[in-house]
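1. need a 3D model of the following:
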Amino acid sequence: MFEVILIINILIALAIIFLERKDTSATLAWIMVLLFIPILGTIFYIVFSQNISRQKIFRLYENEEEMISASLKKQSEAIGEGTFEFENKIAAKWTDLIKLNQSCSHAYFTQDNSIELFIDGKEKMKALFDDIENAKSYVNVQYFIIKKDIVGDAFLKLLIRKAMEGVEVRLLVDALGSRGINKELVRELKASGGHYAEFFPSKFKLFNTKLNYRNHRKIVIIDNEIGYVGGFNIAREYVGLKRKFGYWRDTHLKIRGGSVLDLNARFLLDWRSATREKFNMEEVFMEEQEGSGNIGVQIVSSGPDNTREEIKHGFFKMITSAKKSIYIQTPYFVPDAPILEGLKMAAQSGVEVNVMIPCMPDHMFVYWATYSYVAELMEEGVNVYIYDNGFLHAKVLAVDDEICTVGSTNFDRRSFKLNFEANAFIYDAEFTSKIVDSFKEDIKLSYKLTQELYDQRGSWIKIKEVFSRILSDVL
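-> From the prediction side, this is the model:
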């Protein structure tokens, strides 16, 4: 009887998998799941591998679509014809990447931005609290994680106070990531006139049918003047107050300029999806924006609502276009085949490739898969550094000391395919040098992975690496 159930389980699941046209690695990963955990495998597949790319999660009205398409087309054509006036020569050099992000992600290019870099949680949190304290009109907040602790509660109390002052406050959190948020303070926020919503909330008390698709973005927009985007969430570990992780090394941006409009548009699309609130996005883009610098920026977002993998394509273009150097910091390194081969080819072509990962895991299977992949790169001459001063959560890619990208996207298949993410692509040598300099400072707090060190791992670790790598597409 069990054999019959097993065969039916596998046949039904395989039929679904092939009808969904998954790539080979994903298909093999799910076959392994089905073989090792029959019957439950089908349930896991239904929960963790829904195809939501056919769903219209983020809806643009016809007039909004026309306006955005017209603006992008005009800008793209001007760049292609050579009539676009670039404010700095680096952006003019990377027009291929700009055009890719325009066509693939509908990412408008702005070049009147100034950017402040944060790599320390306490400094970022202080700046964010101060800016919200000074808000006069509105505060739009979106985080993957806000916890019920000293930091999360202080943040909610600040939002409550601003709502009571008459500032329009919108707070959007991921339903799973922020499941531990202080519900009492959320109720107080709403009672004070603030607005609160959850992305993909569970329709059932103990079961979420969209468990595997999370909104991983970390975005704050204040008064149409200031935008925050990056890797820090809101909880005590992000300011180094959790003993398990020690010092928390992350990367976050504070932006002023035209790209703040694009961050706000991203937030409002997510907000509209979660709340069904109706508002005119045309008015958002027509708001006056005073530039404060000359840094070129594109805000690129991606998610499982389509199959383009926009941010990954931007990463791939940067990697394959590199001539001198590549710097990557990521807590999870589980790349797909194109990214992995791109990095190998870069190293084989004489490009200096540097990858930094944390010395400790917060997701065990991902950790061992990460070690497997960086070891493979090490064989091709890639410099692999293990950050040994706490937990490394930064999500950074910098190329040729000229361009970089910072945001919520990890170098893993979950971020590429399953999470909703947002990154700033930055075209500026001076700012990129800050990213590279911070990487080099982190090297002083790291040790270099060598073949000798890697070969010292025990048999049990080798087994965990193999198993984790097989399951890379479902981690």
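
2. what mean pLDDT does stretch 403-423 get?
-> Stretch 403-423 shows a mean pLDDT of 95.

3. would you put the C-alpha positions of that stretch in CSV?
-> Extracted C-alpha coordinates of stretch 403-423, given in CSV (Å, rounded to 0.1, in the frame of the first residue of the first chain):
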residue,chain,number,x,y,z
ILE,A,403,29.5,51.2,-9.8
CYS,A,404,27.9,49.3,-7.0
THR,A,405,24.5,48.0,-5.8
VAL,A,406,23.2,47.9,-2.2
GLY,A,407,19.8,46.7,-1.0
SER,A,408,18.0,43.7,0.5
THR,A,409,19.1,41.1,-2.1
ASN,A,410,21.3,38.2,-1.0
PHE,A,411,23.4,36.3,-3.4
ASP,A,412,21.1,33.3,-3.2
ARG,A,413,18.3,31.7,-5.2
ARG,A,414,15.7,32.7,-2.6
SER,A,415,16.4,36.4,-3.1
PHE,A,416,16.6,35.9,-6.9
LYS,A,417,13.4,33.9,-7.3
LEU,A,418,11.2,33.8,-4.2
ASN,A,419,11.6,37.1,-2.2
PHE,A,420,10.3,40.5,-3.1
GLU,A,421,13.5,42.6,-3.0
ALA,A,422,14.7,46.2,-3.7
ASN,A,423,18.2,47.5,-4.5
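
4. next one: that stretch to chain centre, how far?
-> Remark: stretch 403-423 is offset 3 Å from the chain centroid, using C-alpha atoms, centre = their mean, to the nearest Å.

5. swap in stretch 166-178?
-> Here stretch 166-178 is found 18 Å from its chain centre; the criterion is C-alpha atoms, centre = their mean.

6. contacts for it, please.
-> Residues from elsewhere that reach stretch 166-178 (C-beta atoms under 8 Å, 6 or more residues apart in numbering): 135-147, 156, 159, 162-163, 181, 186, 189, 193-202, 208, 211, 214-216, 233, 267, 270-271, 274. Just so you know, the C-beta spots here come from the backbone N, C-alpha and C atoms, and that holds for glycine as well.

7. with stretch 305-316 instead?
-> In contact with stretch 305-316 (C-beta under 8 Å, 6+ apart) are residues 52-53, 55-58, 97, 100-101, 104-105, 107, 300-302, 336, 338-339, 342, 397, 405, 407, 409, 411, 415-417, 420-421, 423, 425.

8. which of these count as buried?
-> 57-58, 97, 100-101, 104-105, 107, 300-302, 336, 338-339, 342, 397, 405, 407, 409, 411, 415-417, 420-421, 423, 425 (16 or more other C-beta atoms under 10 Å).

9. please enumerate the helices of the stretch 351-475 of the chain.
-> For the stretch 351-475 of the chain, helices defined by DSSP state H, counting those that start in this stretch occupy the ranges 364-378, 413, 429-443, 451-455, 459-470.

10. turn those helices into TSV, columns for distance to residue 391.
-> Compiled in TSV, the helices of the stretch 351-475 of the chain are given as follows (distance: least, C-beta to C-beta, whole Å):
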stretch	distance to residue 391
helix 364-378	11
helix 413	21
helix 429-443	12
helix 451-455	20
helix 459-470	19
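
11. just say which of those is most tucked in.
-> helix 413 (a mean of 25; mean count of other C-beta atoms under 10 Å).

12. can you give me the strands for the stretch 101-250 of the chain?
-> Remark: strands assigned in the stretch 101-250 of the chain by DSSP state E, counting those that start in this stretch are 109-120, 138-143, 168-174, 195-199, 219-222, 226-230, 248-256.

13. hmm, back to that, which one of the helices of the stretch 351-475 of the chain lies nearest to residue 126?
-> For these, the distance to residue 126 is smallest for helix 429-443, at 18.4 Å, taking C-beta to C-beta.

14. indicate which one of the helices of the stretch 351-475 of the chain is closest to residue 295.
-> Closest of the helices of the stretch 351-475 of the chain to residue 295 is helix 429-443, at 5.9 Å (criterion: C-beta to C-beta).

15. same for the closest one, what does it pack against?
-> On a contact count with 3 or more C-beta pairs under 8 Å, 6 or more residues apart in numbering; DSSP states H and E, helix 429-443 meets strand 109-120, strand 248-256, strand 325-329, strand 352-358, strand 383-387, strand 396-399, strand 403-407.

16. what's the closest residue to residue 387 other than its chain neighbours in contact with, if anything?
-> Spatially, and ignoring its direct neighbours in sequence, residue 387 is nearest to residue 446 (4.9 Å; C-beta to C-beta, 6 or more residues apart in numbering). By C-beta under 8 Å, 6+ apart, the contact list for residue 446 reads 356, 359, 385-389.
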